[in-house]
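J.: Next input, structure requested:
(one chain, ligands or ions: 1)
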Amino acid sequence: MAQQRFLNHIGGAWVAPRTGAFAPNVNPADHRDVIGEFPRSGAADVAAAVASAQRGFAQWKRTPAPLRGDVLRRVGDLLAARKEEIASLMTREMGKPLAETRGDVQEGIDTAYYAATEGRRMFGHTVPSELANKWAMSFRRPIGVAGLVTPFNFPLAIPTWKAFPALVCGNSVILKPAEDVPHTAHVLVEILLEAGLPPEVIQLVHGDGEAGRALVEHPDVPVISFTGSTETGSRVGETCGRMHKRLSLEMGGKNAQVVLDDADLELALEGVLWGAFGTTGQRCTATSRLILQAEIHDRFVTMLHDRAKALRLGDGRAAGTDVGPLIHEEAREKVERYVAIARDEGATVALGGHRATDGALAHGTFFEPTILVGVQPAHRVAREEIFGPVLSVLRVETADEAFALNNDVAYGLSSSVYTRDVRLAFRALQELDNGITYVNAPTIGAEAHLPFGGVKQTGNGHREGGWEVYEFYSETKVGYVDYSGRLQRAQLDTYGG
Ligand code: UN1
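T.: Model prediction:
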């Protein structure tokens with residue numbers, strides 16, 4: 001049967017790619033289930049999208065910010081009305097259970113309503129001038145065409161937390177979603193249009209790295225926001241550095257949950273199960289290291305083993321599924337490779353470690369929840385991002401050692417500490433080198449209205465979400481108004497020249 005063909009959104013219309021190429025989008029829980037065919041776009045499609053986005057920008061930048069915000073409010077309403085349907089189609093194309101895809105849509109709704117109100121703030125400053133009868137102020141201006149390159153793991157939330165602030169700030173947007181999750185992006189763009197966004201303000205260009213590269217390299221796209229691997233992020237960074245583009249990078253993590261001897265172990269157990277195996281470990285915030293203090297180590301590993309063993313793998317749309325598939329075969333091979341590396345380096349596989357292929361699982365890319373014990377800080381599984389359901393357990397004697405170990409990796413996105421000691425909790429907030437630290441909560445679950453991002457190799461200093469992202473998507477402009485009626489020379493007339 002011929003598959004449904006989806007199109008790009010360029011020039012205010014749904015159009016086929018100039019390459020003529022399409023690729024199937026399959027359900028990772030069952031590869032026989034093909035969702036549709038989506039464009040594999042090339043540089044000519046990107047060029048057409050940029051030309052259109054420039055026209056869109058000329059119109060949109062003149063629309064008052066509160067009215068831009070009104071469009072986002074309607075977007076939030078439409079997402080809320082279609083939450084269940086979007087969650088279901090999202091699970092079908094990327095696998096995580098429905099409860100999680102509902103959360104993903106909710107993050108988009110929250111981001112929309114926050115953005116709507118920001119259209120009425122977008123604060124600048126008014127400050128005293130050093131000269132009499134002179135006004136001094138700063139305000140925010142849009143930048144231009146924003147190119148957004150987004151990953152598969154949060155198919156709705158991540159595009160929204162880049163696109164909505166960009167739009168409220170008055171930029172036009174070109175979205176290049178991950179090739180594994182084009183359907184969610186398609187629906188998001190439909191909703192933006194239905195909410196009244198002028199059609200040339202949003203472009204959707206489907207495709208793989210070729211389309212992403214063309215977008216990043218295009219001279220008329222001054223703003224790039226990328227979420228994905230550190231490896232690709234470095235290449236994006238090199239290009240943007242050379243071309244003087246504004247760039248936000250959100251990349252890898254090697255996030256740790258620390259459980260100290262005095263912790264509430266039941267609470268810590270719930271936290272690590274959710275943090276390590278939620279989204280099949282495919283979050284940049286996923287818990288991939290568990291740092292246990294010596295006294296509770298053995299007991300906690302046993303508790304964890306028993307609970308993790310009972311997690312049910314399956315189609316995320318089926319009731320009772322705890323853990324969905326990995327996104328594709330390449331991802332599963334990578335996880336498998338890391339389990340082999342762990343064994344070679346001397347760690348012990350306490351649970352899992354294999355593909356899961358029984359019964360219906362045979363048609364998807366499933367992998368057993370895996371726990372590695374006896375992991376040493378120098379082991380690769382203690383240092384490198386795996387992006388799968390693999391948890392490396394490390395043992396320490398003291399809280400100091402735990403904090404140092406948390407910091408002893410190249411990444412710095414999130415961390416978590418379980419303790420009942422308020423002094424240790426606050427020390428952790430101060431001392432852990434991460435963009436986000438949770439106390440008595442897992443490493444995942446950042447809220448849409450707070451700044452999100454990491455330090456070291458995780459990012460390049462910017463934050464998404466919250467109030468900070470609006471700075472990224474706008475340019476500061478300063479205005480001086482001299483109403484003295486004569487030439488006043490700053491620095492000279494005030495302090496003598
Ligand atoms: C990601 O994994 O790329 O904090 C984003 C969380 C989510 C976002 C994760 N709100 O886990």
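J.: Now do the same for residue 479: its pLDDT.
T.: You'll see residue 479 listed with a pLDDT of 98.
J.: so it bridges to which residues?
T.: Judged by DSSP bridges, the bridge partners of residue 479 are residue 137.
J.: Quick one: neighbours of it, just the number.
T.: By the other CB atoms under 10 Å criterion, the neighbourhood of residue 479 contains 11 residues. Bear in mind the C-beta positions are built from the backbone N, C-alpha and C, glycine included.
J.: Just the CA atoms from the longest helix along the chain would do, formatted as PDB, please.
T.: With secondary structure taken from DSSP state H, the chain has its longest helix at helix 98-118. C-alpha atoms of helix 98-118 as PDB (Å, rounded to 0.1, in the frame of the first residue of the first chain):
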ATOM      1  CA  LEU A  98       2.100   7.500  26.800                       C
ATOM      2  CA  ALA A  99       2.500   9.000  30.300                       C
ATOM      3  CA  GLU A 100       5.800  10.400  29.100                       C
ATOM      4  CA  THR A 101       4.600  11.700  25.800                       C
ATOM      5  CA  ARG A 102       1.700  13.400  27.600                       C
ATOM      6  CA  GLY A 103       4.400  15.100  29.800                       C
ATOM      7  CA  ASP A 104       6.200  16.100  26.600                       C
ATOM      8  CA  VAL A 105       3.100  17.800  25.200                       C
ATOM      9  CA  GLN A 106       2.500  19.400  28.600                       C
ATOM     10  CA  GLU A 107       6.000  20.900  28.500                       C
ATOM     11  CA  GLY A 108       5.000  22.500  25.200                       C
ATOM     12  CA  ILE A 109       1.800  23.800  26.600                       C
ATOM     13  CA  ASP A 110       3.600  25.300  29.600                       C
ATOM     14  CA  THR A 111       6.200  26.900  27.300                       C
ATOM     15  CA  ALA A 112       3.400  28.400  25.100                       C
ATOM     16  CA  TYR A 113       1.600  30.100  28.000                       C
ATOM     17  CA  TYR A 114       4.900  31.400  29.500                       C
ATOM     18  CA  ALA A 115       5.900  32.800  26.100                       C
ATOM     19  CA  ALA A 116       2.400  34.400  25.700                       C
ATOM     20  CA  THR A 117       2.900  36.400  28.900                       C
ATOM     21  CA  GLU A 118       6.500  37.200  28.000                       C
END
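J.: other SSEs contacting that helix?
T.: The contact analysis (3 or more CB pairs under 8 Å, 6 or more residues apart in numbering; DSSP states H and E) places helix 98-118 against helix 65-81, helix 83-94, helix 157-168.
J.: By neighbour count, which bits of the second one are buried? Give me those.
T.: Neighbour-count burial for helix 83-94, with 16 or more other CB atoms under 10 Å as criterion, is recorded at 83, 86-87, 89-94.
J.: what about residue 165, distance to residue 115?
T.: 6 Å (CB to CB, to the nearest Å).
J.: Spell out which residues are contacts of both of the two.
T.: Taking CB atoms under 8 Å, 6 or more residues apart in numbering as the contact criterion, no residue touches both residue 165 and residue 115.
J.: Can you pull the residues of this structure lying near the ligand?
T.: The chain has residues 107, 153-154, 227, 283-285, 444-446 near the ligand, with proximity defined as CB under 6 Å from any ligand atom.
J.: residue contacts, the spatially most central residue of the chain?
T.: Nearest to the geometric centre of the chain sits residue 158, at 4.8 Å (CA atoms, centre = their mean). Contact analysis of residue 158 by CB under 8 Å, 6+ apart lists 150-151, 227.
J.: Just give me the closest of the residues you listed to residue 260.
T.: Nearest to residue 260 out of the contacts of residue 158 is residue 227 (CB to CB; 31.8 Å).
J.: backbone phi and psi for the closest one, please?
T.: Torsion angles at residue 227 (phi, psi; degrees, to the nearest 10) stand at phi -120, psi 130.
J.: ok, now how distant is it from residue 438?
T.: For residue 227, the distance to residue 438 - CB to CB - is 20 Å.
J.: Identify the residue nearest the residue in the stretch 201-350 of the chain positioned nearest to the ligand in space, chain neighbours excluded?
T.: Closest contact between the stretch 201-350 of the chain and the ligand, by CB to the nearest ligand atom, is at residue 283 (3.4 Å). Computed as CB to CB, 6 or more residues apart in numbering, the closest residue to residue 283 that is not its neighbour in sequence is residue 444, at 5.5 Å.
J.: So what does the one you found look like in phi/psi?
T.: The phi/psi pair for residue 444 (degrees, to the nearest 10) is phi -110, psi 160.
J.: Please report the distance of it from residue 43.
T.: 36 Å.
J.: which residues does the residue of the stretch 201-350 of the chain closest to the ligand contact?
T.: Residue 283 sits next to 153-154, 444 when contact means CB under 8 Å, 6+ apart.
J.: list the buried ones in stretch 42-54?
T.: In stretch 42-54, counting by 16+ other CB under 10 Å, buried: 42-43, 45-53.
J.: Show me those residues that map onto strands.
T.: The members of the buried residues of stretch 42-54 all map outside strands under DSSP state E.
J.: so is residue 153 in a helix, a strand, or just coil?
T.: coil (DSSP: H, G, I helix; E, B strand; the rest coil).
J.: Let me have the buried residues of stretch 42-54 in a markdown table, adding pLDDT as columns.
T.: Conversion of those to a markdown table gives the following (pLDDT from 0 to 100):
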| residue | pLDDT |
| --- | --- |
| 42 | 98 |
| 43 | 98 |
| 45 | 98 |
| 46 | 99 |
| 47 | 98 |
| 48 | 99 |
| 49 | 99 |
| 50 | 99 |
| 51 | 99 |
| 52 | 98 |
| 53 | 99 |
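J.: before we move on, the earlier item: closest to residue 469 among the contacts of residue 283?
T.: residue 154 (15.2 Å).
J.: excluding its backbone neighbours, what's nearest that closest one?
T.: residue 104 (5.4 Å).
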